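Enquirer: sharing a model that was predicted from the sequence below.
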Amino acid sequence: MQDKQRLLTVVSVTQGQLAVAAPKAAQWDAYGDKEGQVALTDLGRILDYPPKKLVDWLIERKVLFRQTSGAPLRPIETYRRRGWFVVRTMEINGKERLQTLVTPRGIHEVAAMLGRPLDMLG
């Protein structure tokens, strides 16, 4: 009987945690692709940090770079290998362009660098 009661308590706590997490999950689904990867501007929105300031901050810390002025942002190879970012080729206005996307791991790592743990975000 005690085991059954303990199991019911665990189930009840888990259901409560899922109810709290559901709105956050829906918000994240609006930003990410099917792999949970997001654009850099969306990362700023997720972390409640102005996207341009975030990009500048990541460039200053040598996480991202541009090969030339106006070139697409690219991750430093170390961070790409760690799984923080992926770079995809996409077609925009008939031209192939590179786009850097942030992976779920990268989202967590950047949030930690900013001192904004994701469990504190709305």
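Expert: That came through, no problem.

Enquirer: so residue 72 touches residue 66, yeah?
Expert: Yes - using C-beta atoms under 8 Å, residue 72 and residue 66 qualify as a contacting pair, with a distance of 7.3 Å. In this view, the C-beta of every residue, glycine as well, is placed from N, C-alpha and C.

Enquirer: residue 116: which element?
Expert: Secondary structure assigned from DSSP states H and E places residue 116 in neither a helix nor a strand.

Enquirer: could you measure from the residue nearest to it when sequence neighbours are not counted over to residue 74?
Expert: Spatial nearest neighbour of residue 116, chain neighbours left out: residue 47 (5.5 Å); criterion: C-beta to C-beta, 6 or more residues apart in numbering. Using C-beta to C-beta, to the nearest Å, one gets 20 Å for the distance from residue 47 to residue 74.

Enquirer: can you pull out the helices in the protein?
Expert: 2-31, 40-46, 51-60, 77-81, 104-114 (DSSP state H).

Enquirer: averaging pLDDT over each of those helices, which comes out lowest?
Expert: By mean pLDDT, the lowest-scoring of the helices of the chain turns out to be helix 2-31, with a mean of 59.

Enquirer: just want the most central residue of the protein.
Expert: The residue lying closest to the centre of the chain (C-alpha atoms, centre = their mean) is residue 107, at 2.9 Å.

Enquirer: ok, that residue - contacts?
Expert: For residue 107, the contacting residues are 36, 38, 43, 46-47, 118, by C-beta atoms under 8 Å, 6 or more residues apart in numbering.

Enquirer: reformat those residues as TSV; add neighbour count and distance to residue 103.
Expert: As requested, the contacts of residue 107 are exported to TSV (neighbours: other C-beta atoms under 10 Å; distance: C-beta to C-beta, whole Å):
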residue	neighbour count	distance to residue 103
36	16	7
38	21	9
43	21	10
46	22	13
47	17	15
118	15	14
